[in-house]
Every structure is written in structure tokens, then in C-alpha cells.
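> Could you work out the structure for the sequence below:
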Amino acid sequence: MQYKVLALDLDGTLTNHDKIITPYTKQVLMQAAERGVCIVLASGRPTVGIEPLARELALDTYGGCILSYNGGKIIDCKTGQTLVQHAFPPDLIEPVCTFSRYWNVVPLTYDANGIVTEDPASPYVQEEARICKIPVRKVDDLPAEVTYPINKLLLTGDPADMPHVEELMQQEFAGKLSIYRSQPFFIETMPLGIEKSASLQILLRAKGLTAENLMACGDGWNDLPMLKFAGLGVAMGNAQPEVKAAADYITADNEHDGVGLAVEKFILREEN
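Here you go, the predicted structure:
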């Protein structure tokens with residue numbers, strides 16, 4: 001079996017519009033896991049927002065992983081061990097929040113229970129809460145509140161404004177942070193050099209594997225490095241045009257079992 005690790009983005013990829021895994025895709029993934037494939041749920045979501053899907057796929061039994069915060073953290077679901085951990089630079093929390101307020105975008109981060117933000121009423125903050133199925137806690141001063149290690153700050157705002165804000169942020173924090181959009185209304189701000197592929201490389205090395213043993217599926221801008229890095233990069237039918245252009249294969253969309261069809265084609269049939 002060539003593809004021993006399967007990295008799956010969640011929103012727009014593994015889950016449909018209702019944020020659930022469809023029965024066919026779930027069945028195919030369980031078959032792959034039973035045959036020894038290490039499934040990695042690779043998302044910008046916080047760990048707490050991925051754990052229910054990991055339980056649904058029984059990754060604690062089969063030994064899969066949660067890659068949360070776009071690569072800021074990887075947890076082995078079977079052992080509970082943290083395999084990769086990258087903390088956001090504490091001295092940059094205040095500058096990022098100040099920048100965000102100036103450009104009228106809302107920053108948020110996470111604690112052990114859910115989202116922490118100054119503006120819980122923002123529709124884009126509420127969308128993150130809906131996606132992750134976690135609560136939102138209001139604070140008066142986000143930088144003052146964050147006295148514990150965090151893995152990322154998520155900036156949320158009007159999709160019409162975010163390309164310009166992203167460009168300005170990349171200029172402002174060049175050489176200090178990794179900055180990229182994951183959705184039209186989300187900008188991920190991460191420790192420098194951290195994204196999904198960088199952390200997957202560490203995981204593969206620990207398993208004695210290479211990128212040629214990795215199959216990855218995604219749909220968004222933040223999935224581009226992962227799909228380019230993987231031995232087989234699969235773009236969803238609903239993926240951004242740039243993602244489709246970079247992929248080795250384009251499958252069906254996330255409403256029509258795109259992940260399940262690709263895994264059956266390239267992993268289950270290959271073995272048979």
C-alpha cells in the first residue's frame with residue numbers, strides 16, 4: 001500500500017454543508033483505517049472542535065491523529081500524546097489584535113472550552129462557533145486575557161475586505177508570522193513557517209515515511225501547501241480554482257462523497 005497516511009481537511013472537504021460525514025464516506029474511511037491507514041484530521045479548527053469527528057471515526061482505536069490550528073498542534077488519538085506543538089509568539093498577540101481592530105476585523109482565539117473574543121456577536125465569529133460546534137466567551141481585552149499558550153489567532157471579517165487585509169498583514173508581519181486565508185472570511189495567523197504540510201512532514205518522519213506515502217484532500221487556500229507536498233494531492237470539486245490547479249486529482253464535491261470516492265479509488269482499490 002503506497003498511501004499509509006491520509007490527511008483530510010474538514011470544512012468543505014470531509015464534512016458537508018451540515019458539518020457531518022456522509023454515511024458512504026464514513027464507511028470507506030473505516031475500511032481504510034481497518035487496513036492500517038493512519039487518518040489525520042487536518043484542520044484550522046481548534047482541537048476541541050475536531051475531537052467529535054475523531055471519535056466518530058474511532059481514531060482512538062485505530063491510531064489516527066488530530067492536526068489542529070492548521071498544523072500548530074498534532075495529537076495521537078490512541079495515546080493522547082502531543083506529537084507536534086507550536087506556540088503563537090506571545091509578544092505578537094497585542095500587535096495583531098491592534099492591527100485587526102484598525103482594519104475592522106475581529107480577532108479570536110481559543111481556550112480549553114471554546115472561542116474567546118471581544119465581539120461574540122460578529123456573524124463570522126458565530127460562523128466559527130457553528131463550524132466547530134463550540135461556545136463563545138466574551139472578553140473585554142483579548143490580549144490581556146491570553147495569559148496561556150495559544151497556537152493561533154483567527155481574524156474574521158467581511159469577505160470583500162479580507163484579501164486586502166491579508167496582503168497588508170503579510171507586509172506588516174513579514175518574517176514574523178505565517179498568514180493566509182482558510183475561508184473568504186477567515187485569515188489564519190500562525191507561528192512563522194507553520195502550516196499543515198510542515199507539521200505533516202514531522203509526523204511522516206516520526207513514522208519513517210515520506211511525502212510519497214501521503215494522500216491529502218482539501219479545498220481551501222490553506223490546503224495548497226499540503227496538497228503540493230503530498231504524494232497524491234486531491235482537490236474537492238468545490239475547491240478554490242488555485243487549489244484545483246495545484247492538485248494531482250480532482251474528485252467530487254463535499255456534498256457528494258468526494259473524499260470517499262477518492263479514498264476508494266486510490267487506497268482501497270489499489271490494495272485490492
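> When you work out contacts or count neighbours from here on, use the C-alpha atoms and nothing else.
Will do.
> Quick check: phi and psi at the residue nearest to Asp111 when sequence neighbours are not counted.
Leaving aside its chain neighbours, Asp111 sits nearest to Ile150 (8.0 Å; criterion: CA to CA, 6 or more residues apart in numbering). Dihedral angles of Ile150 (phi, psi; degrees, to the nearest 10) stand at phi -120, psi 160.
> Pretty sure Ile150 sits against Ala87.
Yes - Ile150 is in contact with Ala87 according to CA atoms under 8 Å; the separation is 5.7 Å.
> out of those two, which sits in the busier spot?
Ile150 (20 against 14; other CA atoms under 10 Å).
> which residues does that one contact?
Applying CA atoms under 8 Å, 6 or more residues apart in numbering to Ile150 gives the contacts 87-88, 109-111.
> That one and Phe229, how far apart?
26 Å (CA to CA, to the nearest Å).
> Show me where the stretch 1-150 of the chain has its strands.
Along the stretch 1-150 of the chain, counting by DSSP state E, counting those that start in this stretch, strands occupy 5-8, 38-42, 65-68, 73-76, 82-85, 106-110, 115-117, 136-138.
> where exactly do the strands run in the stretch 151-272 of the chain?
Using DSSP E, counting those that start in this stretch, strands in the stretch 151-272 of the chain cover 153-156, 177-183, 186-191, 214-218, 232-235, 249-250.
> which residues sit against stretch 50-61?
With CA under 8 Å, 6+ apart, stretch 50-61 has contacts from 26, 29-30, 39, 41, 43, 65-66, 68, 77-79, 132.
> Tell me the buried residues within the residues you listed.
Listed as buried from these are 26, 29-30, 39, 41, 43, 65-66, 68, 77, 132; burial here means 16 or more other CA atoms under 10 Å.
> Relative to Ile93, which of these is nearest.
Ser68 (19.1 Å; CA to CA).
> doesn't Ala42 make contact with that closest one?
Yes - assessed by CA under 8 Å, Ser68 is found in contact with Ala42 at 6.1 Å.
> Let me see the ranges of the helices in the stretch 101-250 of the chain.
Secondary structure of the stretch 101-250 of the chain by DSSP state H, counting those that start in this stretch: the helices cover 123-132, 142-145, 162-172, 196-206, 224-229, 241-246.
> Can you say which of these is nearest to Thr117?
Taking those one by one with CA to CA, helix 142-145 is closest: 6.2 Å.
> list the helices and strands that closest one packs on?
Counting contacts by 3 or more CA pairs under 8 Å, 6 or more residues apart in numbering; DSSP states H and E, helix 142-145 packs against helix 93-102.
> what's the angle from the helix it packs on to helix 162-172?
Helix 93-102 and helix 162-172 are oriented at 140 degrees to each other (axes from the mean of the first three to the mean of the last three CA atoms, to 10 degrees).
> I am finished for the moment; much appreciated.
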